[in-house]
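> here is my input, please return the structure:
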Amino acid sequence: MVPTALASVPGTPRPWRLFLVFALVCLCAAGLGARLVYWQVLQSPQLQKRLTAQHALDEAVPARRGSIRDLHGDLLAGNQSMDYIYVEPGRIKEPEEVATRLAEILEVPAQALLPALTEKGRVAVPLLNRRKFPTDVTERVSRLRLAGIFLEPATARIYPESQLTAHVLGFVDGDNQGWYGIEGQYAETIGGRPGRLQAEKDTAGNEIAFGARDWQPPVDGMDVLLTIDRTVQYIAERELERAVVQHRASGGSVIVMKPRTGEILAMASRPAFDPNFYAEYADRPAVFANPAVTYLYEPGSTFKLITVAAALNDRVVTPQTTYLDTGALAIGGYVIHNWDGKANGLSNITTLLEKSSNIGASWVAFQSGKERFYRYVTAFGFGQPTGIDLQGEAKGIVKDPNAKDWAQVDLATNSYGQAISVSPIQMITAVSAIANGGLLMKPYVVKQVVDPRTGEVVRKAEPQIVRQVIGRDTAAALLQMMVNAAEHEGTAGALVPGYHVAGKTGTASIPVPGGYDPTQTIASFVGVVPAGDPQFVVLVKIDRPQDEPWGSMIAKPAFGLIAQELTRYLKVPAEYRTTIGLGAPAPTPARPPTPGPGQRRIVPAPARPPAPAPTPARRGSAPGQGAPLAGPGQSGRGAAAP
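Residues are numbered from 1 along each chain as shown. A predicted model of the protein is given here:
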């Protein structure tokens, strides 16, 4: 019997199909298992972190920034309550209408608000790049009751005096970071230490009251009391501004110092800035640096005081020592001249300062010798920072007499303040040493650091003697010579009526590539008042005056206006004309009346001395960084002048 094939029953699944279905089920199960392993095992740490972050609150709590006050406690820098305005774009139904209503209050164009109101993909967007708004403005915003608009408390640094003392103070940016001046130098002291809050939060971002909590409170910053006197600062800035505008100068600086302690009563510079609106100066950041400590200049004839001090102290010369001033001096193929081109004939060291003789200063420097001269330059603090407690102090540039590129002509030009660079704070500190009897003091602007919670003084600055530079007798003799220099030719009593003034003018050329600018100068005057009992020293420096170049015509009158006001404000007893340090003082005449509270009296400028004789166009002064004043066989003219 032949076997026959069984006919397949319709609807019966074939074995390979069952196998395929089973394989697919196993594959899906394996994939699901792999995903479970991926999420539950491999990604578990990351998921745990994300889950913790969603429910964990970890915030830095800013510390209160300390205030900055002047010598008498007047506020110069403080804090003001402000608010950030945030937007929840998803809840804004009519952004144009919301923008219009906000723009009216915030005083900005409505179009400036629309990007934040319509931004997608973010839960909260700060309005106007996290700009802070005063609370009186944000209260008006709150009263609008706009959905999707909320506030976040903040504080802002305010400077109630605007530009006054700006370079001393510096500023604080939007992240509460101090920059420049006191804000930068004492950033940790004033800024304090932020706290931290770690807790659990709900879905709205608020802390869960009964959850785990770790609270580290912030440590508030210390208050700082400066040596700056707000009124003295106002006087200095007002007269500096007047001089800069009157003479169309590019800028300038004024410093007022107590010579016996090194305290800075005022430090003003132009151009200035308003620290309340520091962002507006972002395109010219150089304005933030303090020119009184950071920027260098060639001091010109004011440096002759250092040259004479060195020779007097080591008995190389006396005030009556004579020399022959021929008006020109040939040194190593170069020729230097007096500022006015004149020969002063037989002169002594006192008339050297009176006539501001470049030839005389060079002669004295050569009598001292390079080793002694530069030793005293260093002893007076040049070529090194003074250590003042402000950011960005420059050390200056003093040529090394042992360097290969040093030449005898450098000694001559350095003696009258050219081819040597100093900062204004170095110059006034050195002159203060002459005023106080020969002691170089460390200048400072912070008087006290105070804990605002207890009122306890945690740090107090004390006057610090750096070194004895010259003897008291030398200082007294030089101070008398400075009186003769400041009050010669019948000007005694005209500069600051009722007071002796010991001082020196300076007119210095400005170095440029290849030599010196033939037309631009820096005019300066440094003076001590009263000369018989020095209470303050004032340095006035005016950069690039356009109408006249001379320190005697530009800086000296500004000094007179400042000193006249300071003698009244500081109640400095007036004095008659007496020999410095000799004999009993004459009876003190009645002082001019002191302006009443709130009054700002402007004293007319003293009569100007007669203009010096016209001089030929100057070719620059001395060699600058090795550049000669005039080549061999050529005639040059020193720019250090009254």
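> what's M441 in contact with, if anything?
Each residue near M441 by Cβ atoms under 8 Å, 6 or more residues apart in numbering is listed here: P259, R260, T261, G262, T429, S432, A433, P463, Q464, I465, V466. C-beta: built from backbone N, CA, C; applies to glycine.
> enumerate every residue touching G181.
Contacts for G181 (Cβ under 8 Å, 6+ apart) come out as A166, H167, V168, L169, G170, F171, N290, L390, Q391.
> N313: which of the residues you listed is nearest?
Taking Cβ to Cβ as the measure, N313 sits nearest to L390 out of the contacts of G181, at 30.0 Å.
> that closest one sits in which helix or strand?
Taking DSSP states H and E as the definition, one finds L390 inside no helix or strand.
> for L353, same thing?
helix 349-355.
> which elements pack onto that helix?
For helix 349-355, the packing partners by 3 or more Cβ pairs under 8 Å, 6 or more residues apart in numbering; DSSP states H and E come out as helix 304-313, helix 358-368, helix 472-486.
> picking that back up, now the buried members of the contacts of M441.
P259, R260, T261, G262, T429, S432, A433, V466 (16 or more other Cβ atoms under 10 Å).
> if you skip the residues just before and after it, what's nearest to the second one?
In other words, R260. N436 (4.9 Å; Cβ to Cβ, 6 or more residues apart in numbering).
> report the separation between the one you found and M267.
Note on N436: its distance to M267, by Cβ to Cβ, to the nearest Å, is 19 Å.
> quick one: which of these two has more around it?
Using other Cβ atoms under 10 Å, the more surrounded residue of N436 and M267 is M267, with 33 against 22.
> in a helix, that's where that one is, yeah?
No: using DSSP: H, G, I helix; E, B strand; the rest coil, the assignment for M267 is strand, not a helix.
> relative to A124, which of the contacts of G181 is nearest.
Within the contacts of G181, the smallest distance to A124 is 28.0 Å, found for F171 (Cβ to Cβ).
> need the contact list for the closest one.
R157, Y159, G178, W179, Y180, G181, E183, P275, Y278, F288.
> now, the most widely separated pair of these?
Longest distance between any two of these is 14.6 Å, between R157 and F288; criterion Cβ to Cβ.
> just give the number of residues close to R101.
Neighbourhood size, R101 [other Cβ under 10 Å]: 17.
> can I assume it is in contact with L146?
Yes: R101 lies in contact with L146 (Cβ atoms under 8 Å); the separation is 7.1 Å.
> of R157 and F288, which one has the most company?
Taking other Cβ under 10 Å, R157 and F288 do not tie; R157 has more neighbours (25 against 22).
> grab the nearest non-local neighbour of that one.
Nearest residue to R157, sequence neighbours excluded (Cβ to Cβ, 6+ apart): V172, at 3.9 Å.
> how much space separates that neighbour from E565?
Applying Cβ to Cβ, the value for V172 to E565 is 32 Å.
> over to N290?
23 Å.
> now swap in D405 and tell me
Note on D405: its distance to E565, by Cβ to Cβ, is 46 Å.
> repeat that for Q384.
Counting by Cβ to Cβ - Q384 and E565 are separated by 33 Å.
> more neighbours: those two, which one.
Counting neighbours by other Cβ under 10 Å for Q384 and for E565 shows that E565 has the greater number, 23 against 12.
> nearest residue to that one other than its sequence neighbours?
I235 (4.8 Å).
> need the contact list for the one you found.
I235 neighbours (Cβ under 8 Å, 6+ apart): A266, I562, E565, L566, Y569.
> 10 Å instead?
By Cβ atoms under 10 Å, 6 or more residues apart in numbering, I235 lies in contact with 229, 254, 256, 265-266, 268, 561-566, 569, 600-602.
> and what of G503?
302, 305, 353, 431, 482-483, 485-487, 495-496, 525-529, 531, 537-540, 555-556, 559-560, 563.
> and with 7 Å instead?
Counting by Cβ atoms under 7 Å, 6 or more residues apart in numbering, G503 touches M482, A485, A486, F525, V526, G527, V528.
> and these, which of them are buried?
Of these, these count as buried by 16+ other Cβ under 10 Å: M482, A485, A486, F525, V526, G527, V528.
> would you turn those into JSON lines with distance to T322 and pLDDT?
As requested, those are exported to JSON lines (distance: Cβ to Cβ, whole Å; pLDDT from 0 to 100):
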{"residue": "M482", "distance to T322": "20", "pLDDT": "96"}
{"residue": "A485", "distance to T322": "17", "pLDDT": "93"}
{"residue": "A486", "distance to T322": "22", "pLDDT": "92"}
{"residue": "F525", "distance to T322": "27", "pLDDT": "96"}
{"residue": "V526", "distance to T322": "26", "pLDDT": "97"}
{"residue": "G527", "distance to T322": "27", "pLDDT": "96"}
{"residue": "V528", "distance to T322": "26", "pLDDT": "97"}
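> and those residues as a markdown table, adding distance to N344?
Shown next, in a markdown table, are the buried ones among the contacts of G503 (distance: Cβ to Cβ, whole Å):
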| residue | distance to N344 |
| --- | --- |
| M482 | 18 |
| A485 | 14 |
| A486 | 18 |
| F525 | 21 |
| V526 | 23 |
| G527 | 23 |
| V528 | 25 |
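> just the closest of those residues to Q40, please.
V526 (79.8 Å).
> so the closest one, which of the three states?
strand.
> re the thing from before, out of the buried ones among the contacts of M441, who's nearest F366?
A433 (23.8 Å).
> now do the same contact list for the residue lying closest to that closest one once chain neighbours are set aside.
Spatial nearest neighbour of A433, excluding adjacent residues (Cβ to Cβ, 6+ apart): L440 at 4.5 Å. Applying Cβ under 7 Å, 6+ apart to L440 gives the contacts F380, G381, T429, A433, V466, R467, V469.
> and L440, how close does it get to Q464?
From L440 across to Q464, the span is 10 Å (Cβ to Cβ).
> for V308, same thing?
Applying Cβ to Cβ, the value for V308 to Q464 is 26 Å.
> next: A477.
From A477 to Q464 the distance is 26 Å (Cβ to Cβ).
> ok, E104 next?
Plainly put, E104 is 57 Å away from Q464 if you go by Cβ to Cβ.
> now do N176
Using Cβ to Cβ, N176 is found at 32 Å from Q464.
> then I235?
According to Cβ to Cβ, I235 and Q464 sit 27 Å apart.
> out of the helices and strands packed on helix 349-355, deepest packed?
Among the helices and strands packed on helix 349-355, helix 304-313 has the highest mean neighbour count (mean count of other Cβ atoms under 10 Å), at a mean of 27.
> contact partners of that helix?
Contacts with helix 304-313, where a contact means Cβ under 7 Å, 6+ apart, come from 317, 349, 353, 356, 361, 364-365, 367-368, 372-373, 376-377, 380, 415-417, 430-431, 434, 470-471, 474, 477-478, 482, 504.
> the residue nearest to the spatial centre of the chain - nearest residue in space that isn't next to it in sequence?
In the chain, the centroid-proximal residue (Cα atoms, centre = their mean) is N290; its distance is 2.6 Å. Nearest non-adjacent residue to N290, counting by Cβ to Cβ, 6+ apart: H167, 4.1 Å away.
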